[in-house]
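*Asks:* need coordinates for the below:
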Amino acid sequence: MKNLIFILLTFPFFSLAQDTDCIDSTAIDPDCMCIEMYDPVLGCNGITYTNQCYAQCDGVQFWESVNQGGGDVCDLIEVSILSSNNEAIVFEYETYFDSGVGFAYAGFVLIDEMGDTVAVETIENANNVYGIYGQMQEIRMLESYNLGYEFPLEAQLHLIEGFFAGNPESVCSISIQIFQGPSEGDTLELSGQWYSSGEDEYLEFDADSIHLYTFDQDLECYDFLSLAYQANDSLIFVQGEEEMMSLFYFLSETQFSLIFEETLNYVPQAFDSSNFDECEEQSFDCTPDGCISLASSGGEFGDLGECEFECVQEQFQSWNCIDGNCEMLNDSSGTYNTYQSCIDVCSVTDLTDYQLSKKVIKVTDLLGREVSPNSDQIIILYYEDGSIEKKYFLKK
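*Replies:* Residues are numbered from 1 along each chain as shown. Below is the predicted model of the structure:
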């Protein structure tokens with residue numbers, strides 16, 4: 001915020017100058033050409049320009065360097081943490097530099113005080129992979145890369161140009177402190193009764209709790225769940241048994257939507273829960289004879305369909321790692337019981353395996369720093385033929 005304070009303090013002075021000789025109207029040239037070099041200046045008219053060339057093209061006669069005192073572009077980015085837990089960190093940022101400045105395919109990476117990667121953006125959950133520009137405001141989400149971090153967390157949020165294009169280069173970083181869960185201002189109270197026909201689920205809000213009535217396939221009884229929540233105008237924070245999770249939501253008079261891996265839509269519908277029957281508590285275990293029902297919650301699975309799916313896979317599928325490839329067996333005799341666990345070990349774990357087919361000329365981390373090819377982190381491989389590949393290598 002240093003540069004915003006600078007703008008506020010110097011703006012009255014520049015306003016006085018503008019009345020006299022701040023702008024030379026004869027020097028204004030909308031067609032002038034400037035080199036795209038980021039060295040921002042604050043004009044006497046109160047406008048921040050990419051560099052002094054752009055200020056001169058606008059007829060500005062006096063300006064001050066925004067970067068005085070060792071600042072950089074990150075001094076003109078404001079970051080607000082919206083929610084945080086051990087799985088994801090959601091934040092909003094706003095850029096205050098010139099709209100002509102941009103960083104193509106840029107993303108964010110969170111690095112802790114020890115220099116370890118804490119959380120990264122992923123292309124699956126990124127709302128924007130094309131670039132970050134001046135005068136922009138967005139909400140972004142970082143997925144946890146290291147589940148072992150603890151709150152409060154002091155870290156550096158790195159702006160990485162080329163992050164989603166595979167050629168990352170750190171532009172600058174922002175010091176932030178992250179606390180778990182919602183902020184003190186997230187006190188919005190939701191209300192109403194809602195129904196989802198797709199989920200056969202009724203939902204009810206009161207001042208501090210959300211109540212869910214989820215019906216079984218026969219609509220004869222429901223499973224009940226009540227959780228504490230906090231909310232702001234875009235996020236709802238729900239306190240689970242172990243940790244708090246955050247969900248984007250949309251609310252109107254005719255619809256309530258929860259947005260996570262998929263969107264759950266509800267319509268307003270009044271109901272009386274006393275007219276429903278709650279299902280008897282039960283769970284399921286997978287045995288050699290199939291799924292068996294238990295008259296308690298002590299089983300491995302709470303849903304019969306989930307049990308049947310997992311149980312069939314356990315009994316009839318497994319994988320072996322053979323010559324660097326995972327081969328599936330139609331029984332449980334393989335070394336690995338899931339394809340992913342096989343791939344994690346069986347995939348290439350040493351740079352020399354890649355050099356058999358293509359020559360690697362450089363290896364960097366997500367910040368563009370050159371690192372060892374066998375580093376236990378996400379690395380970027382640059383090949384002689386111009387191709388780029390992002391990999392996670394496990395140490396042997």
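*Asks:* looks like residue 93 contacts residue 81 (just checking).
*Replies:* No - with contact defined as Cβ atoms under 8 Å, residue 93 does not reach residue 81; the gap is 10.3 Å. From N, CA and C alone the C-beta is placed, and that goes for glycine too.
*Asks:* what's the average pLDDT for stretch 257-275?
*Replies:* Across stretch 257-275, pLDDT averages out at 85.
*Asks:* give the contact list for the most centrally placed residue in the chain.
*Replies:* In the chain, the C-alpha nearest the mean C-alpha coordinate belongs to residue 141, at 1.9 Å (Cα atoms, centre = their mean). For residue 141, the contacting residues are 88-91, 121, 125-126, by Cβ atoms under 8 Å, 6 or more residues apart in numbering.
*Asks:* swap in residue 138?
*Replies:* Residue 138 sits next to 92-93, 127-128, 132 when contact means Cβ under 8 Å, 6+ apart.
*Asks:* swap in 10 Å and give it another go.
*Replies:* Residues near residue 138 by Cβ atoms under 10 Å, 6 or more residues apart in numbering: 91-95, 127-128, 132.
*Asks:* checking residue 55 next. Helix, strand or coil?
*Replies:* Three-state call for residue 55 (DSSP: H, G, I helix; E, B strand; the rest coil): helix.
*Asks:* OK, contacts around it?
*Replies:* 34, 40-45, 47-49, 61-63, 98.
*Asks:* picking up where we left off before, from the contacts of residue 138, pick the one nearest residue 248.
*Replies:* Among the contacts of residue 138, residue 127 lies closest to residue 248 (Cβ to Cβ), at 10.5 Å.
*Asks:* against residue 93, how distant is the closest residue in space to the closest one that isn't next to it in sequence?
*Replies:* Nearest residue to residue 127 in three dimensions, chain neighbours excluded: residue 138, at 6.6 Å (Cβ to Cβ, 6 or more residues apart in numbering). Per Cβ to Cβ, to the nearest Å, residue 138 is found 6 Å from residue 93.
*Asks:* what is in contact with these two at once?
*Replies:* Common contact partners of residue 138 and residue 93 (Cβ under 10 Å, 6+ apart): residue 132.
*Asks:* just after the helix or strand of the chain with the lowest mean pLDDT, pick out the following helix or strand.
*Replies:* Sorted by mean pLDDT, DSSP states H and E, the helices and strands of the chain end with helix 2-20, the least confident at a mean of 33. Later in the chain than helix 2-20, the nearest helix or strand by DSSP states H and E is strand 41-43.
*Asks:* strand partners of that next one, parallel vs antiparallel please.
*Replies:* strand 48-49 (antiparallel), strand 63-65 (antiparallel) (DSSP bridges).
*Asks:* distance from the chain centre to the longest one, please.
*Replies:* Okay, so that is strand 63-65. Distance of strand 63-65 from the chain centroid (Cα atoms, centre = their mean, to the nearest Å) equals 36 Å.
*Asks:* which helices and strands sit right next to the helix or strand following it?
*Replies:* The helix or strand immediately downstream of strand 63-65 is strand 77-84, counting by DSSP H and E. Helices and strands touching strand 77-84, by 3 or more Cβ pairs under 10 Å, 6 or more residues apart in numbering; DSSP states H and E, are strand 88-95, strand 137-144, strand 153-161, strand 169-178, strand 235-239, strand 244-251.
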